[in-house]
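**Q** Please work out how this folds:
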Amino acid sequence: MEFAVFGAGGVGSLYGSLLARCGHRVVFIARGKHLKAMKEKGLKVKSYKYGEFTVKEEPPRVVFTDNPKEAGKVDVVLVCVKSYDTEKVAPQIEPLLKENTVVISVQNGIENEEILAKYVGKERVLGATAFVGTYVKEPGVVVHEAAGLLEVGELSGKPSKRVEKLVEELKKCEVEARVSRDINYTLWKKLMWNVAFNPYSVITRATVGEILSQPETYEIVKNLMLECMEVAKAYGVKLKEKTLEGYLKSSPDLMNYKTSMLLDYEKGKPIEIEGITGALIRKAKEKGIDVPYNKCVYGTVKLLLKKREQ
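**A** Numbering: from 1, shown residues only. This next block holds a predicted model:
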């Protein structure tokens, strides 16, 4: 199979490097200093699970570029950009497409698939959720410090041979992959974690473990998730209590985990507040549901962003 990773940040670099390491053709579409370092020294991965290895540019099998037109056509496009960039990159995917190319959103939020479908056609788009802790430590170096599960599914919720074939290929390359029988459910399930820990960590400057260890902050993230469950239910998605309970216990590898939103905030980068909390608030408004905890967190983070800019 031939892959393009559009957005070779932490998530895209990890999955793309595992695919390249086991022999697939992979084009990494990146930018800036990260791209420059990758071209000069290769892409180094430091993983708690896979160890340390480097993927070097070997055209045409492994290519690092900032130009989608140079990538050639591929079988699978993994869209791994931040949700605030989806609208910008979606029109650039067209040169990568063969007749049967699939485009997979491996992103945070619940609106990316709709945006991609506008540009490439709904029939090409698959949904995915990456439950993984990874980040770019420095240009050309990616750290994988927690989890790793990638769930992929048809937007229709129906099983398909193309998804099963893709997941089998991912597994051969040591990616922890699973077919999602209901990707809509899976996307909301991930959103429930994201709306709680990502924006609240920006406010508290705390790790997941620190948030859970304080009774008052524990209650706040619990209520953020309960509001998400209520909105999901209005859209026909019944999230499970045991999922909520599991998130509130957390796993050992997440106890010292800084969320991606907090890391981006600390580095002065844009953050995905609109694609995560903003998306939930918009969906809630459409159904006439009040989400006061999420509105409070959203407003506070927006103020912090304004002060950071000043």
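**Q** Helix or strand next in line after the longest helix seen in the chain, which one?
**A** Counting by DSSP state H, the longest helix found in the chain is helix 183-204. Next along the chain after helix 183-204, taking DSSP states H and E as the criterion, comes helix 208-213.
**Q** any idea of the mean pLDDT in the following helix or strand past that following helix?
**A** For helix 208-213, the following helix or strand on the C-terminal side (DSSP H and E) is helix 215-234. The average pLDDT for helix 215-234 rounds to 98.
**Q** quick one: helix 215-234 to helix 183-204, angle?
**A** 150 degrees (axes from the mean of the first three to the mean of the last three C-alpha atoms, to 10 degrees).
**Q** returning to what we had before: by contact count, what packs against the longest helix of the chain?
**A** Packed against helix 183-204 by the contact rule (3 or more C-beta pairs under 8 Å, 6 or more residues apart in numbering; DSSP states H and E) you find strand 125-138, strand 141-154, helix 208-213, helix 215-234, helix 241-249, helix 260-266, helix 279-286, helix 292-309. All C-beta spots, glycine's among them, are computed from the backbone N, C-alpha and C.
**Q** buried set for it?
**A** In terms of neighbour count (16 or more other C-beta atoms under 10 Å), helix 183-204 has its buried residues at 183-204.
**Q** likewise stretch 43-51?
**A** In stretch 43-51, counting by 16+ other C-beta under 10 Å, buried: 43-47, 50.
**Q** One more: stretch 228-237?
**A** Those would be 228-229, 231-232, 237, for stretch 228-237 by 16+ other C-beta under 10 Å.
**Q** Against residue 41, how distant is the residue nearest the centre of the chain?
**A** Among the residues of the chain, the one closest to the centroid is residue 107, at 3.1 Å (C-alpha atoms, centre = their mean). Residue 107 sits 27 Å away from residue 41, going by C-beta to C-beta, to the nearest Å.
**Q** and if you look at residue 194?
**A** Applying C-beta to C-beta, the value for residue 194 to residue 41 is 33 Å.
**Q** wait, residue 175 sits on residue 15?
**A** Yes: contact criterion C-beta atoms under 8 Å: residue 175 and residue 15 qualify, at 6.0 Å.
**Q** More neighbours: which of these two?
**A** Under the criterion of other C-beta atoms under 10 Å, the comparison of residue 175 against residue 15 puts residue 15 first, with 28 against 21.
**Q** Buried residues of stretch 73-87, list them for me.
**A** 74-83, 85-86.
**Q** just stretch 259-274 next, same as before
**A** 259-265, 271-274.
**Q** Pull stretch 82-97 out as PDB, backbone CA atoms only.
**A** The C-alpha trace of stretch 82-97 is given here as PDB (Å, rounded to 0.1, in the frame of the first residue of the first chain):
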ATOM      1  CA  LYS A  82      -4.900  20.000  13.800                       C
ATOM      2  CA  SER A  83      -8.700  20.500  13.400                       C
ATOM      3  CA  TYR A  84      -8.300  24.300  12.900                       C
ATOM      4  CA  ASP A  85      -6.300  23.500   9.600                       C
ATOM      5  CA  THR A  86      -8.800  21.000   8.100                       C
ATOM      6  CA  GLU A  87     -10.600  23.500   5.900                       C
ATOM      7  CA  LYS A  88      -7.200  24.800   4.600                       C
ATOM      8  CA  VAL A  89      -5.600  21.500   3.700                       C
ATOM      9  CA  ALA A  90      -8.800  19.700   2.400                       C
ATOM     10  CA  PRO A  91      -8.600  21.300  -1.100                       C
ATOM     11  CA  GLN A  92      -4.900  20.300  -1.300                       C
ATOM     12  CA  ILE A  93      -5.600  16.600  -1.100                       C
ATOM     13  CA  GLU A  94      -6.900  16.200  -4.700                       C
ATOM     14  CA  PRO A  95      -3.500  15.600  -6.400                       C
ATOM     15  CA  LEU A  96      -3.000  12.500  -4.100                       C
ATOM     16  CA  LEU A  97      -6.100  10.700  -5.200                       C
END
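**Q** From the chain's centroid, how far away is it?
**A** Put simply, stretch 82-97 sits 15 Å off its chain's centre (C-alpha atoms, centre = their mean, to the nearest Å).
**Q** quick one on the thing from earlier: find residues that contact each of residue 175 and residue 15.
**A** residue 150 (C-beta atoms under 8 Å, 6 or more residues apart in numbering).
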